[in-house]
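Visitor: missing the sequence, but the structure's below:
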């Protein structure tokens, strides 16, 4: 693995061994600073990552100044803080790692976080280009990325209800009672982290972690296990704790980082499509969808290509998190020939390009089934929300408005 420099190490005691390890891993320069000079050193060095010791009570003002500086930095500056076993972190937004963790694990954690910094730099540059070319402003939606995060919670032991409630208060949660069930959710969903509670066989957990480490798609995914287990450097964003509250506290910075990465990837897709894609949902903006639909209807008339339009609606009002979750699920299922958007009422318009009505009907019902069984619920304990599907095929005399009117007014068929 390679590292970017400079790296800033903040500690009141010299950390020559740690500094040399970062140099050996390719980082240059590596700068050391005390807590008193941490904020000044950050402003002067502009580090690509900061490694912190746990600040003492007398250093709280210096720690606050450092956090304020890093919070507003662009591109993102990852902070990794060394914490004592079974102790809370003094800086809740920093990525924790135990003080006695192998240096290889420290380097792997910093390297994984720097990949987000590289992505952020790319998005900033592309956004500037889009603003210069088309006067379109592309930026991340305001607020904490954790508000839009979704995690997988696996477990069934005595701590599971406590952990489930605590997680559900801060982010979206998918529940699984077994490792096998959780593995299925991992494939079907776009997740920002995995929390593994108690009540599961240790051998199954170890096997699951091995599979995650061997699959490049999930290697950087935050994984938190309720135990005293230690992870190898192959899982750079692994944390563990014996207490549910401490486990969640340690996992949150990693989940937030992952959610920010996911948001940046959606924003990058928006920029590459010249602003046509909604950076929140990954689907077309309504206006862009209308333009694409009008073009598809024109192409159908010229080339005789089939076109079907479906509308997925929901009988019960959904909160923002559930509505966005539906749209993001749909964005993962859109083929190259299809396009879709989310309407103001939360319903989804989905255009099936080059598709006969019969095939579109089958595809729409399958998509509705996926949404029913995997979307987040507005109330975790409430009933599953089942989407209804209205489907229409383009007729020779149709315009965009008549086609949209038919999917809005036709009797709805339950999915």
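Guide: All right, it came through fine. The structure presented is a predicted model; accordingly, all values stated were derived computationally and were not measured.
Visitor: name the element the residue nearest the centre of the chain belongs to?
Guide: The centre of the chain sits closest to residue 259, judged by Cα atoms, centre = their mean, with a distance of 3.2 Å. Following DSSP states H and E, the helix or strand that holds residue 259 is helix 244-272.
Visitor: now that helix, how far from the centre of its chain.
Guide: With Cα atoms, centre = their mean, to the nearest Å as the basis, helix 244-272 stands 5 Å off its chain's centre.
Visitor: just checking, what packs against that helix?
Guide: Helix 244-272 is packed against strand 95-98, helix 103-134, helix 160-168, strand 193-196, strand 223-226, strand 238-241, with contacts defined by 3 or more Cβ pairs under 8 Å, 6 or more residues apart in numbering; DSSP states H and E. In short, each C-beta sits where N, CA and C put it, glycine included.
Visitor: what residues sit buried inside the fifth one?
Guide: Spelled out, it's strand 223-226. Residues of strand 223-226 classed as buried under the neighbour-count rule (16 or more other Cβ atoms under 10 Å) are 223, 224, 225, 226.
Visitor: out of those residues, which two sit at the greatest distance?
Guide: 223 and 226 (11.4 Å; Cβ to Cβ).
Visitor: got the residue ranges for the helices in the chain?
Guide: Applying DSSP state H to the chain gives helices spanning 16-24, 38-45, 60-71, 103-134, 160-168, 179-188, 202-214, 244-272, 286-303, 320-333, 357-374, 400-409.
Visitor: of these, flag the one that's most buried.
Guide: helix 244-272 (a mean of 21; mean count of other Cβ atoms under 10 Å).
Visitor: give me the contacts around stretch 136-144.
Guide: 126-127, 130-131, 256, 260, 263-264, 267, 270-271, 274-275, 279-280 (Cβ atoms under 8 Å, 6 or more residues apart in numbering).
Visitor: stretch 30-41 now?
Guide: Outside stretch 30-41, the residues within contact range by Cβ under 8 Å, 6+ apart are 5-12, 14-15, 19, 22-23, 45, 47, 52-53, 55-56, 59, 62-63, 65-66, 69.
Visitor: how far away from the center of its chain is it?
Guide: Worked out by Cα atoms, centre = their mean, stretch 30-41 lies 31 Å from the chain centre.
Visitor: averaged pLDDT, it. What do you get?
Guide: Throughout stretch 30-41, pLDDT has a mean value of 94.
Visitor: check stretch 362-378 too.
Guide: On average, stretch 362-378 scores 86.
Visitor: likewise for stretch 48-59?
Guide: 93.
Visitor: repeat that for stretch 147-154.
Guide: Rounded mean pLDDT across stretch 147-154 is 93.
Visitor: what's the answer for stretch 406-415, then?
Guide: Taken as a whole, stretch 406-415 carries a mean pLDDT of 56.
Visitor: next one: stretch 102-116
Guide: Stretch 102-116 comes out at a mean pLDDT of 93.
Visitor: so what's the gap between that stretch and the chain middle?
Guide: On the basis of Cα atoms, centre = their mean, stretch 102-116 sits 19 Å off its chain's mean C-alpha point.
Visitor: residues in contact with that stretch?
Guide: 1-4, 7, 17-18, 21-22, 25, 48-49, 51, 76, 78, 80, 95, 97, 220, 231-234, 236-237, 257, 260-261, 264.
Visitor: with stretch 242-253 instead?
Guide: Contacts for stretch 242-253 (Cβ under 8 Å, 6+ apart): 83, 86, 88-89, 92-96, 146, 159, 162-163, 166-167, 170, 193, 195, 197, 222, 224-228, 239-241.
Visitor: tell me the domain boundaries of this structure?
Guide: Domains of the chain are assigned by automatic domain parsing as 7-134, 145-269, 276-414.
Visitor: got a list of what residue 195 touches?
Guide: 151, 152, 153, 154, 155, 163, 167, 224, 226, 247, 248, 251.
Visitor: hmm, 10 Å instead?
Guide: 151-155, 163-164, 166-167, 173, 182, 222-226, 239, 244, 247-248, 251, 255 (Cβ atoms under 10 Å, 6 or more residues apart in numbering).
Visitor: same check, this time on residue 183
Guide: Residue 183 neighbours (Cβ under 10 Å, 6+ apart): 152, 154, 176, 208, 211, 212.
Visitor: just to revisit the earlier point, who wins for proximity to residue 393 among the helices and strands packed on helix 244-272?
Guide: helix 103-134 (34.6 Å).
Visitor: tilt between that closest one and helix 244-272?
Guide: 30 degrees (axes from the mean of the first three to the mean of the last three Cα atoms, to 10 degrees).
Visitor: how far off centre is helix 103-134?
Guide: Taking mean C-alpha positions (Cα atoms, centre = their mean), helix 103-134 and its chain are 15 Å apart.
Visitor: same question, stretch 210-225
Guide: 14 Å.
Visitor: beta-bridge partners for residue 193, please?
Guide: Partner residues in beta bridges with residue 193, using DSSP bridges, are residue 151.
Visitor: quick check: it vs residue 156, distance?
Guide: Distance of residue 193 to residue 156, given as Cβ to Cβ, to the nearest Å: 19 Å.
Visitor: neighbour count winner among the two?
Guide: In this view residue 193 and residue 156 are compared by other Cβ atoms under 10 Å, and residue 193 has more residues nearby, 25 against 14.
Visitor: from residue 149, how far out is the more buried one?
Guide: 7 Å.
Visitor: residue 80 too?
Guide: Taking Cβ to Cβ, one finds residue 80 at 20 Å from residue 149.
Visitor: what do you get for residue 67?
Guide: Distance of residue 67 to residue 149, given as Cβ to Cβ: 21 Å.
Visitor: would you confirm that residue 149 contacts residue 189?
Guide: No - contact criterion Cβ atoms under 10 Å: residue 149 and residue 189 do not qualify, at 11.9 Å.
Visitor: need the overlap of contacts for those two.
Guide: Joint contacts of residue 149 and residue 189 (Cβ under 10 Å, 6+ apart) are residue 172.
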